[in-house]
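J.: Fold the stuff below for me.
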Amino acid sequence: MSSFFKPLSRLHRQIFRTKKPPKLRKIPHTLSHHGKYGDQVTRYENCHVTGTTWHDDFKYLETMSQEDITRYLESEERYTDWVLRDTRKFQNSLLEEFRSIQVEQNHRSQTVPKVLWSRFQGYDYYSKLDKDGFPLDCRTKVMEDDPTYFQEEILVDHRELYQNHGGYVDMGSLKISGDNKYAFYTLDASGSERYDLYVLDLESKNKDVVKVLQNVYNGEWGPTGTILYTRLNEAHRPSQVLQHSLNLNQDSVLFEEIEDDYFLDIAKTKDGKFITINSNSKCCSEVRLLPIDGSFQDPILVHPRGDNFKYFLEHRGEEVIILTNKDGANGFKVMRATDVAPQSTNWSPFIDHTFGVQICDVEVFEKCMVMHQRNQYGHNELRCVPYSGDKDHVCSIPQSPPFGFLQGCSNSNFFTNRYVFSTRSILNPGSIYALNLANFSIMNVLQETIKTEKINDEYITRQLAFPSQNDMTPVPVTITSKNTRKVENINKNDDETKLETTESACLVIVYGAYGEVLVPDFDLMHLKLLERGWMIVHAHVRGGGEFGQHWHDQGKNSLKDNSIIDLESCLRGLVNIGVTKYEKIALKGHSAGGFVAAAVCNRNPELMGALLLDAAFLDVLGTMLNPNLPLTVHERPEWGDPLSSKSALTNIMSLCPLRNVSCIDTANYPAVLVIVAESDERVAWWHAAKYLAALRTSCDKIEKMNLLTVKKGGHASGSNASVEIAFLCKALGISHSS
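T.: As a prediction, the model looks like this:
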């Protein structure tokens, strides 16, 4: 029996007797490391900072047994349930509301618009929903002499997957072999982001699974009877490309990536001529080409990896199309070269980078290239570029607010004359459009709606900007609230669209990392808060990708403090214009966004009334000092390397949420709810546990609501919205009677 087991058992009994939070034992621990910075050797130890040394009394959590982890998390959940006991009726009411919500599509069953079908080797492939909303992946054979022929085959029933794997599944991709005899899909049944690859025999009556390849990152069909796939190593890094033969039942390694900061993935060009092996770090990339009809013995290296040099390839005809930041472009541009000489010395310009316009993605078709770009105001656009030399055409996207979600659908047919894409926003659960590549018209082919809710009429989205306190950089915020004035044009910049002084409860969401855009996406939890008079605010702080590479660069590594100051400025700005009060602000951050939110809370806890941290990256220093943890080496360009740089060590020490809890103003610290995921291999559960234990120690003499809850699945899985809403309402003193 472990040394942690007995105290934890006593702890369980104590919870129900005293109604006090679980109290983790402190076990003094010193983790020694000697880092050389020039001629100076600095010795430092982990946790509460004293000069250049610190101690981690909760280090043992990182190696605790699964049995003790489960018991601890269960005790935290029981305590959370007890603290929120007066909201149980409210939570049950919310659950019923969520269950009653119906997201309706304008098609069902065989009425799936054919524009959403993908034709491949004599079959039309498509997806539809069953009567309960579970996807069905289907196909029907194409009969050229009988256009009315329709004989549907169900390839994958997602309801069965859900039931067979215990109620959680994340299906990665479904891909069909070139001869239409087989298919494979990748599936994560735990949330760990470790996928298995299931091979289906499409000629069998029940589409039987005939083979399973484990621990797969992604895959592609190779020459007949073979699958190429990437495999994860023990550090959760895709490090090998393998070729699997279905007939011989054996694997051979085609390529291995030995550098710890590079991740491998593979892709097949849309025309099916090449496999690309892509080695990507946070700051640069390297691509090798494999002809699909070749022996795979000698991959063609396009350009060797180098600092801050990124590129991605597609193929058309006898040339490669390259999306790259070559020559220091602030963003991406498009270049081209012949496929017999694809090296970078042979690249020629195709589409130059335009100041203020970000190229987000490129899709290559036979006659036209489609570029997804974002303009200087954050609006999505599609730019159609004919290879013939005809004039480009830029298409505006219907109902696309700034920083809205846009993504191409499968679009696997290289010879198609249409580009199908989907959009979402905080007020739009989902739309699918088809762009005609000949006349550039856009047709809405599917619209999801919330039954009985007229959300686009009742609510409105606006964008403002607040100057950052350190350098006056305008930081945009996207604000969604009740549409009291029924303004038609939400983007008009005049008195009509000014926000009223309401002092509403306000949920502020932040991310600001990895060059990722914080998308004001559709979320049922946000909808329920809007219904109750809340405002939803997305703070687009530096470190994200809202305005391209420079926006990311200004909020990472040694400049990470900008993300924190930007968020503080946004919170103050919201109060200064009179739309809310500090005590009515709830701040939420997921993953790296949790770092920014918690860091702001440590510095200025009076700026909010509640803090919600979902799978938050809180022990940044401990993580970046341990290269044996998954992702640490890969993350160094974003956070810095404290093992080799004294300035990086000093910077991370000053910002790390866990290491600075002891510096907080406990009297003004808000109520806190931290959420951990059962199978999170990106941010381990002990980030939240250590942070909560340190917080409770600092606030020991002041009664605070510091809680933890557990969500099913992995890092990016959804959490329990009814618990979150109940916590937020109680923390801010808002009625939770309905």
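J.: Show me what secondary structure element comes after the helix of greatest length in the chain.
T.: Criterion DSSP state H: the longest helix present in the chain is helix 66-83. Using DSSP states H and E, the helix or strand that directly follows helix 66-83 along the chain is helix 88-100.
J.: What lies in contact with that following helix?
T.: The contact list for helix 88-100 (C-beta atoms under 8 Å, 6 or more residues apart in numbering) reads 84, 524, 528, 721, 722, 723, 725, 726, 729, 736, 737, 738. Every residue, glycine included, has its C-beta placed from N, CA and C.
J.: can you pull the buried residues of stretch 348-359?
T.: 350, 351, 353, 357, 358, 359 (16 or more other C-beta atoms under 10 Å).
J.: Please tell me how far residue 415 sits from residue 332.
T.: Here the criterion is C-beta to C-beta, to the nearest Å. By it, residue 415 lies 26 Å from residue 332.
J.: What of residue 175?
T.: As for residue 175, its distance to residue 332 is 27 Å (criterion: C-beta to C-beta).
J.: which one of these two has more residues nearby?
T.: residue 332 (25 against 18; other C-beta atoms under 10 Å).
J.: Now the more buried one. Nearest residue, chain neighbours left out?
T.: residue 359 (4.4 Å; C-beta to C-beta, 6 or more residues apart in numbering).
J.: Run through the bridge partners of residue 442.
T.: residue 435 (DSSP bridges).
J.: which residues touch it?
T.: Listed by C-beta under 8 Å, 6+ apart, the contact set of residue 442 reads 395, 397, 398, 433, 434, 435, 436.
J.: Mind checking which of the contacts of helix 88-100 land in helices?
T.: 524, 528, 721, 722, 723, 725, 726, 729.
J.: Show the buried residues in these.
T.: Counted by 16+ other C-beta under 10 Å, those give 528, 721, 722, 723, 725, 726, 729 as buried.
J.: Same list, the residues you listed, but as CSV with distance to residue 537 and pLDDT please.
T.: Below are these laid out as CSV (distance: C-beta to C-beta, whole Å; pLDDT from 0 to 100):
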residue, distance to residue 537, pLDDT
528, 16, 93
721, 18, 93
722, 22, 94
723, 21, 95
725, 16, 96
726, 21, 96
729, 17, 95
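J.: What is the nearest of the ones in helices among the contacts of helix 88-100 to residue 191?
T.: Nearest to residue 191 out of the ones in helices among the contacts of helix 88-100 is residue 721 (C-beta to C-beta; 17.1 Å).
J.: and the closest residue to that closest one other than its chain neighbours, how many residues sit next to it?
T.: Computed as C-beta to C-beta, 6+ apart, the closest residue to residue 721 that is not its neighbour in sequence is residue 525, at 3.9 Å. Neighbour count for residue 525, taken as other C-beta under 10 Å: 20.
J.: from memory residue 525 sits against residue 723, does it?
T.: No. Using C-beta atoms under 8 Å, residue 525 makes no contact with residue 723, being 10.4 Å away.
J.: Parallel or antiparallel, which strands does the longest strand seen in the chain pair with?
T.: Longest strand in the chain by number of residues (criterion: DSSP state E): strand 209-221. If you go by DSSP bridges, strand 209-221 pairs up with strand 195-201 (antiparallel), strand 226-232 (antiparallel).
J.: Which of the three states applies to the residue lying farthest from the centre of the chain?
T.: In the chain, counting by C-alpha atoms, centre = their mean, residue 145 sits farthest out from the average C-alpha position, at 45.8 Å. At residue 145, secondary structure determined by DSSP: H, G, I helix; E, B strand; the rest coil is coil.
J.: how near is it to residue 415?
T.: 21 Å.
J.: ok, now residue 281?
T.: According to C-beta to C-beta, residue 281 and residue 415 sit 35 Å apart.
J.: So which of these two has more stuff around it?
T.: residue 281 (20 against 10).
J.: what are the ranges of the helices in this structure?
T.: 5-18, 66-83, 88-100, 158-164, 455-458, 524-531, 549-553, 561-576, 592-603, 620-624, 632-639, 646-655, 685-698, 721-731.
J.: I'd like to know which of these lies nearest to residue 56.
T.: helix 620-624 (6.9 Å).
J.: re the thing from before, now the ones in helices among the contacts of helix 88-100 as CSV including distance to residue 158?
T.: Formatted as CSV, the ones in helices among the contacts of helix 88-100 follow (distance: C-beta to C-beta, whole Å):
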residue, distance to residue 158
524, 20
528, 26
721, 22
722, 24
723, 26
725, 28
726, 30
729, 34
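J.: What is the most widely separated pair among these?
T.: Spatially, the most separated pair among the ones in helices among the contacts of helix 88-100 is 524 and 729, at 16.2 Å (C-beta to C-beta).
J.: where's the longest helix of the chain relative to the chain centroid, distance-wise?
T.: Centre-to-centre, helix 66-83 and its host chain are 27 Å apart (C-alpha atoms, centre = their mean, to the nearest Å).
J.: so what does that helix touch, helix or strand wise?
T.: Using 3 or more C-beta pairs under 8 Å, 6 or more residues apart in numbering; DSSP states H and E, the elements in contact with helix 66-83 are helix 5-18, helix 685-698, strand 706-711.
J.: Pull out the buried residues from it.
T.: Going by neighbour count (16+ other C-beta under 10 Å), the buried part of helix 66-83 is 68, 69, 71, 72, 73, 75, 76, 77, 79, 80, 83.
J.: For it, give the mean pLDDT please.
T.: For helix 66-83, mean pLDDT rounds to 93.
J.: was I right about residue 194 contacting residue 714?
T.: No. Counting by C-beta under 8 Å, residue 194 does not reach residue 714; the two are 9.3 Å apart.
J.: Between the two, which contacts overlap?
T.: 188, 681.
J.: Compare these two (neighbour count), which wins?
T.: Shown here are residue 194 and residue 714; by other C-beta under 10 Å, residue 714 has more neighbours (21 against 17).
J.: So what's the predicted local confidence for the residue nearest to that one when sequence neighbours are not counted?
T.: For residue 714, ignoring the flanking residues on the chain, the nearest one in space by C-beta to C-beta, 6+ apart is residue 191 at 2.7 Å. With respect to pLDDT, residue 191 scores 87.
J.: wouldn't residue 191 be in contact with residue 676 here?
T.: No. Look at residue 191 against residue 676 with C-beta under 8 Å: they stay out of range, at 11.6 Å.
J.: and these two? which has more neighbours close in?
T.: Legend: neighbour count by other C-beta under 10 Å for residue 191 and residue 676, higher for residue 676 (25 against 21).
J.: Any regions of the stretch 601-738 of the chain where pLDDT drops low?
T.: Along the stretch 601-738 of the chain, segments meeting pLDDT under 70 span 663-665, 700-703, 737-738.
J.: 90 - rerun?
T.: Counting by pLDDT under 90, the ranges of the stretch 601-738 of the chain that qualify are 626, 628-631, 643-646, 659, 661-669, 678-681, 695-706, 711-720, 735-738.
J.: returning to what we had before: the residue nearest to residue 721: what's it in contact with?
T.: With C-beta under 8 Å, 6+ apart, residue 525 has these contacts: 721, 724, 725.
J.: And it, how far from residue 613?
T.: 15 Å.
J.: For residue 662, grab the count of nearby residues.
T.: Other residues near residue 662 come to 16 when the count uses other C-beta under 10 Å.
J.: Would you confirm that it contacts residue 694?
T.: Yes. Between residue 662 and residue 694 there is a contact under C-beta under 8 Å: 7.0 Å.
J.: quick one on the thing from earlier: flag every buried residue along the longest strand of the chain.
T.: The neighbour-count check on strand 209-221 (16+ other C-beta under 10 Å) flags 213, 215, 216, 217, 218, 219, 220, 221 as buried.
J.: go on, stretch 179-194?
T.: For stretch 179-194, by 16+ other C-beta under 10 Å, it's 180, 182-194.
J.: Ok, stretch 291-311 next?
T.: Of all the residues in stretch 291-311, those buried under the rule 16+ other C-beta under 10 Å are 292, 296, 299, 300, 302, 303, 305, 309, 310, 311.
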